[in-house]
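Peer 1: Generate coordinates for the sequence data below:
(one chain, ligands or ions: 2)
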Amino acid sequence: MLRLQVPGLAPAQPGQFIHLTCGPDLTLPRPFSILDSDSANQTIDLLYRVTGEGTQRMTTWQTGFVTPVLGPIGHPFTVPPTGTQAILVAGGVGLAPLDFLARQLAAQGIATTVLWGIETDPPFPVEPDPVQGWSVLSHLHARGIPSRLAAMTPRVGFFQGTVVELAADHLQPLTALERKDLMLYTCGPTPMMAALALVAERFGLRGEASLEARMACGFGACVGCVALMAAGQYRRVCVDGPVFALAEVDWRQRGL
Ligand SMILES: Cc1cc2nc3c(=O)[nH]c(=O)nc-3n(C[C@H](O)[C@H](O)[C@H](O)COP(=O)(O)OP(=O)(O)OC[C@H]3O[C@@H](n4cnc5c(N)ncnc54)[C@H](O)[C@@H]3O)c2cc1C
Ligand code: FES
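Peer 2: Ligands and ions are numbered 1, 2, ... in the order given. Here you go, the predicted structure:
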């Protein structure tokens, strides 16, 4: 996790991201979802995974290091009407925007459950759910937000399998009436979201996904981040997204 002080920070909403310069010699900034934002203290929290040069550099930053930040950028997740039940399905660092969303939805009285697939040690404290016994995220549990964790390798308190299998397991017992008032939200690796889109189709559920794309400008000018939509047109992930309706995206082109 990384906390940045961003003077003049505009209020950020879950699903928006920042474009962060990771070094003066690294030409392109890197996009990161906002895990949390505090307008009063002008801070933004990120949850990041080291995948290359830029994220490696981030691990070396000390207090006082200064670097350009662009954002918040992009369309956030939609807040559903009161009475909706929200299921948030995250893979790896895809938890960042969904954790932010879970806290926002719960604060607005929307019943929210977080399902998280994580193969490494979770970067947040977990504890056993006092009723169910399985592992839950402590910071969400403290706010009354149920969560469940999934991993492919056997781990105490975790569902063994993919988080999409966990989501299907969770959705299966729901009645048609309960499914009508349910909204899925997802962020994670593209094949995971593509598989979840199939589950959503099978259960007739609405949903939204925060898409991944390689970005250059981050403000809509270069058209380097486009994603193909089911209707055949291309949309820019940076400014038209990163959040799109699940049914809007051509998932066959993105990982099926
Ligand atoms: C909207 C959005 C939100 C994201 N949120 C997060 C987050 O919260 N936490 C997190 O750890 N990662 C997030 N990512 C992925 C993150 O941007 C990449 O992991 C990061 O850019 C890799 O940079 P690097 O220099 O370490 O890797 P390198 O592989 O060295 O990067 C080389 C180039 O490829 C681009 N690139 C590499 N991987 C990705 C990727 N998956 N998506 C987009 N561009 C990529 C980089 O921006 C850079 O221009 C997000 C991506 C997008 C599009
Ligand atoms: S990154 Fe340039 S248009 Fe999206």
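
Peer 1: Could you list the buried residues of the worst-scoring helix or strand of the chain on mean pLDDT?
Peer 2: For the chain, the helix or strand with the lowest mean confidence is helix 176-180, at a mean of 89 (criterion: mean pLDDT, DSSP states H and E). Neighbour-count burial for helix 176-180 flags no residue at all (criterion: 16 or more other C-beta atoms under 10 Å). Where you see a C-beta, it was placed from the backbone N, CA and C, and this is true even at glycine.

Peer 1: and what of stretch 241-256?
Peer 2: 241, 242, 243, 244, 246, 247, 249, 250, 251, 254.

Peer 1: List of residues touching the helix or strand just after the least confident helix or strand of the chain?
Peer 2: Scanning forward in sequence from helix 176-180 by DSSP states H and E, the next helix or strand is strand 182-187. Defining contact as C-beta atoms under 8 Å, 6 or more residues apart in numbering, one finds that strand 182-187 is touched by 33, 77, 80, 84-91, 94-98, 101, 167, 171, 174, 192-193, 196, 200, 205-210, 246.

Peer 1: Just list the residues touching the residue lying closest to residue 123 once chain neighbours are set aside, thanks.
Peer 2: Excluding its sequence neighbours, the residue lying closest to residue 123 (C-beta to C-beta, 6 or more residues apart in numbering) is residue 1, at 6.3 Å. Counting by C-beta under 8 Å, 6+ apart, residue 1 makes contact with 35, 45, 46, 47, 48, 123.

Peer 1: Among those, which are located in strands?
Peer 2: Assigned to strands by DSSP state E, the following of the contacts of residue 1 qualify: 45, 46.

Peer 1: and the closest residue to residue 75 other than its chain neighbours, bridged to which residues?
Peer 2: Spatial nearest neighbour of residue 75, chain neighbours left out: residue 243 (5.2 Å); criterion: C-beta to C-beta, 6+ apart. With DSSP bridges as the criterion, residue 243 is bridged to residue 210.

Peer 1: I figured residue 243 was touching residue 76, is that so?
Peer 2: Yes - at 6.3 Å, residue 243 counts as touching residue 76 under the criterion of C-beta atoms under 8 Å.

Peer 1: just checking, what packs against the helix or strand where residue 136 lies?
Peer 2: Using DSSP H and E, residue 136 sits within strand 135-137. Here strand 135-137 touches strand 126-128, strand 147-151, going by 3 or more C-beta pairs under 8 Å, 6 or more residues apart in numbering; DSSP states H and E.

Peer 1: Could you list the paired strands of it along with their orientation?
Peer 2: strand 126-128 (antiparallel).

Peer 1: Show me where the stretch 101-250 of the chain dips below the pLDDT cut-off.
Peer 2: In the prediction, the stretch 101-250 of the chain carries no residues with pLDDT under 70.

Peer 1: Show me where it has its strands.
Peer 2: 111-117, 126-128, 135-137, 147-151, 159-160, 182-187, 206-210, 226-228, 234-236, 243-245 (DSSP state E, counting those that start in this stretch).

Peer 1: Tell me the helices and strands packed up against the fourth one.
Peer 2: When contacts are defined as 3+ C-beta pairs under 8 Å, 6+ apart, strand 147-151 packs onto strand 111-117, strand 135-137, strand 159-160, helix 163-171.

Peer 1: and if you look at the last one?
Peer 2: Contact here means 3+ C-beta pairs under 8 Å, 6+ apart; on that basis strand 243-245 packs against strand 206-210.

Peer 1: For the strand it packs on, name the packing helices and strands.
Peer 2: strand 182-187, helix 190-203, strand 243-245.

Peer 1: Tell me which residues are up against it.
Peer 2: 15, 33, 77-78, 94, 97, 182-187, 193, 196-197, 200, 241-247, 249.

Peer 1: make it 7 Å
Peer 2: 15, 33, 77-78, 97, 183-187, 193, 200, 242-246, 249 (C-beta atoms under 7 Å, 6 or more residues apart in numbering).

Peer 1: and the stretch 101-250 of the chain, which residues reach ligand 1?
Peer 2: 212, 213, 214, 215, 242 (C-beta under 6 Å from any ligand atom).
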